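1. here you go, sequence then predicted model.
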Amino acid sequence: MDTVTLLLSSFILSVTGLLIFIWSLRKRLFDATSAAANVIFSPGEIGRGEEPALSPDKRAAMDKAVPGETKPVLTAEQEAALHKDLAERVEADTSSAFVTFVFLSCAVVWLIVASLAGLTSSIKLHEPDWLSQYAWLTFGRIRTIHLNAVAYGWAPMAALGVANWMLPRLLKTPLVGGRWAILGAMIWNAGLIAGLGCIAVGLSDGMEWLEIPWQVDILLVVGGAMVGLPLVYTLQNRKVHHLYVSIWYMGAALFWFPILFLVGNLPAVHFGVQQAAMNWWFGHNVLGLFYTPMALASVYYFLPKIIGRPVQSYNLSLLGFWTLAFFYGQVGGHHLIGGPVPGWLITLSVVQSVMMLVPVISFSVNQHMTMRGYFSKLIYSPTLRFIVLGGMMYTLSSIQGSVEALHSVNTVAHFTHFTVAHAHLGLYGFFTMVMFGAIYFVMPRVMAWEWPYPRLIAAHFWLVVLGFSIYFVGLSIGGWLQGLAMLDAARPFMDSVTVTIPYLQSRSVGGAVMTLGQLLFAVHFFAMALRQGPGRVGAALLNTGEKPSSVSDSNLAGAR
């Protein structure tokens, strides 16, 4: 296929996508009364925001966040239906509690490991002799440990923990086969520990995102398959007829990831240029077809539940899903611009990268319209702060990625720290922020115990926001200057190195602040798990001016 034919085909697809978007507007797909969007609510719940536990005084703080909001008045029949639905929800939450706790605990541990490894590797970029006497702490190894601890430790453990909790709720069915998930998590973590150990001693497959030796990857494959079994069994036993959009995203992600991981790790199959093409096909798709849909599934569930309002346009959420599935597959090829790869592959990647604006705009408009009139609730809800900010970062990272794929931009940004900043905008600014918010919502349900220190939640939020801002801005500026220096034939290569030093130092400062936020989060998480601190009734709301109430275990955790 020649470039002209490919561009013409891509143009036709682009116009078709635009026509579908216009058709969605003509068909009133922004209509807020879509019944499908209401399925996550019990009778009478619309208009009543939900935070993890119930307390009349603290709930009032959330209710007052939107002046003039009307609350439903239930009939006796609706009250009966509500109690029945809440009983099913409690049963679903109970069935998944231990499984969710195991996954989230592992996720928090890996988050700390990854943060410390990442901070170490960041410092070594401007202090290369620091800890150089230890082979496993050299930059090439400790940075790879950081990447794999995030990619296969924190990210999947957090996403699967939230999925194991959300899916029974959405299907109104107890989790089936939870023991398989526990066993799978044990095998997965054993494989990850072995993989990081191999990297530390210098054994690696040598491809970014795919460094763990394929022999060890077998453990991840077996563990991942076991984790997936309960989710499939639960889906088969569902008690609902309509599958909410979050299930679409989670189901697709759990289908796409095994295929990506299997193809990426097939031994003795990919060589030379083909190996490079496969490498970035996997690296980009694991972000866009696993982490992204898992985070979007969380946003589409938690955001409406917290504010008590269905998503503005349910059909627009489905449009975002299908366009993500259709356009993302070959996005990774733009990392190979300038390499010895077919021109049509690069062109296809650039076009698909730009076409990703369709699902991104679909989601962004939907989130904004859903939150319209409810932004004041960000003052009170810690979960909402993380979720909404994460959604905004998805918009920014995706738009930046589409622009970065263009030849004119890529020429400067390629092979620089600018790309590193962009990667963190997606995986940290978007995915990790959303997972933080989801965990703050889920854990009180899992533990039947509220977060003991709401101020730690606020401190965690502002530390990670401040740290990431310093990190992202510094690397973006430094990376762009680095690219300009490398393109200037009159300047020696070392100029492109020295110009980045101040910005690499700012990266370490930002990383240190982020790591401090992560440590506070971990301390708070395990303090809650161990029932340390004051027992609290009610959601851990911020800025309510109320002190926590000491209570006994029997009084904790409302049905909602």
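-> Nice, I can see it. Bear in mind the structure is a predicted one, so any value in this text is a computation, not a measurement.
2. where in the chain is pLDDT low?
-> By pLDDT under 70, the weakly predicted segments of the chain are 1-11, 13-15, 17-34, 51-72, 74, 536-560.
3. mind telling me which residue is nearest the centre of it?
-> With distances taken as C-alpha atoms, centre = their mean, Phe431 lies nearest the centre of the chain, 2.3 Å away.
4. determine the three-state secondary structure at it.
-> Look at Phe431: counting by DSSP: H, G, I helix; E, B strand; the rest coil, its state is helix.
5. how about it, what does it touch?
-> The contact partners of Phe431, by C-beta atoms under 8 Å, 6 or more residues apart in numbering, come to 155, 291-292, 294-295, 390. All C-beta atoms are positioned from the backbone trio N, CA, C, and that covers glycine.
6. most neighbours, which of those?
-> Ala295 (31 neighbours; other C-beta atoms under 10 Å).
7. longest helix of this structure?
-> The longest helix of the chain (DSSP state H) is helix 76-126.
8. for it, the distance to its chain's centre please.
-> Put simply, helix 76-126 sits 13 Å off its chain's centre (C-alpha atoms, centre = their mean, to the nearest Å).
9. cool, and stretch 468-484?
-> Relative to its chain's centre, stretch 468-484 lies at 23 Å (C-alpha atoms, centre = their mean).
10. how about it, which residues are buried there?
-> Within stretch 468-484, the residues that count as buried by 16 or more other C-beta atoms under 10 Å are 468, 470-472, 474-483.
11. what does it contact?
-> Against stretch 468-484 from outside (C-beta under 8 Å, 6+ apart): 411-422, 424-425, 428-429, 496-497, 499-500, 502-504, 506-507, 509-511, 513-514.
12. buried ones among the residues you listed?
-> Using 16+ other C-beta under 10 Å as the burial test, the contacts of stretch 468-484 include 412-414, 416-422, 424-425, 428-429, 496, 499-500, 503-504, 506-507, 510-511, 513-514 as buried.
13. quick one: Leu160 and Phe103 touch, right?
-> Yes: contact criterion C-beta atoms under 8 Å: Leu160 and Phe103 qualify, at 5.4 Å.
14. common neighbours of these two, please.
-> Common neighbours of Leu160 and Phe103, counting by C-beta under 8 Å, 6+ apart, are 181, 185.
15. what ranges do the helices span in the stretch 401-550 of the chain?
-> In the stretch 401-550 of the chain, the helices defined using DSSP state H, counting those that start in this stretch lie at 407-413, 417-424, 433-447, 454-487, 493-498, 501-529.
16. how near is the nearest residue in space to Thr416 that is not next to it in sequence to Leu203?
-> Leaving out its chain neighbours, the residue that sits closest to Thr416 by C-beta to C-beta, 6 or more residues apart in numbering is Gly479, at 4.0 Å. Remark: distance between Gly479 and Leu203 (C-beta to C-beta, to the nearest Å) = 31 Å.
17. got it, and Ile182?
-> Per C-beta to C-beta, Ile182 is found 29 Å from Leu203.
18. check Gly511 too.
-> Distance from Gly511 to Leu203, by C-beta to C-beta: 27 Å.
19. ok, Tyr453 next?
-> Taking C-beta to C-beta as the measure, Tyr453 falls 42 Å from Leu203.
20. please apply the same query to His241.
-> Per C-beta to C-beta, His241 is found 50 Å from Leu203.
21. mind checking which of those two has more residues around it?
-> Leu203 (14 against 6).
22. please report phi then psi for that one.
-> Main-chain dihedrals, Leu203, degrees, to the nearest 10: phi -100, psi 120.
23. ok, it - contacts?
-> By C-beta under 8 Å, 6+ apart, the contact set of Leu203 is Pro213.
24. switch to 10 Å and redo it
-> Neighbour list for Leu203: 195, 197, 211-213, 215-216 [criterion: C-beta atoms under 10 Å, 6 or more residues apart in numbering].
25. just give the closest residue to Trp188, not the sequence neighbours.
-> Per C-beta to C-beta, 6+ apart, closest to Trp188 is Gly223, 3.3 Å.
26. mind listing the helices in the stretch 151-300 of the chain by residue range?
-> Per DSSP H, counting those that start in this stretch, the stretch 151-300 of the chain carries helices over the ranges 155-171, 178-200, 214-236, 245-264, 272-286, 292-307.
27. to Phe326, which of those helices lies closest?
-> When the helices of the stretch 151-300 of the chain are compared by C-beta to C-beta, helix 245-264 sits nearest Phe326, at 11.6 Å.
28. what's the burial count for the residue nearest to Trp188?
-> 21.
29. please apply the same query to Glu88.
-> Number of residues near Glu88 (other C-beta under 10 Å) recorded here: 17.
30. that one reaches Thr173, doesn't it?
-> Yes: with contacts counted by C-beta atoms under 10 Å, Glu88 reaches Thr173, the gap being 8.3 Å.
31. give me the common contacts of the two.
-> With contacts taken as C-beta under 10 Å, 6+ apart, the residues that reach both Glu88 and Thr173 are Lys239.
32. picking up where we left off before, got the helices of the stretch 401-550 of the chain as TSV, with distance to Ile187 columns?
-> Output for those, formatted as TSV (distance: least, C-beta to C-beta, whole Å):
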stretch	distance to Ile187
helix 407-413	39
helix 417-424	28
helix 433-447	22
helix 454-487	31
helix 493-498	43
helix 501-529	23
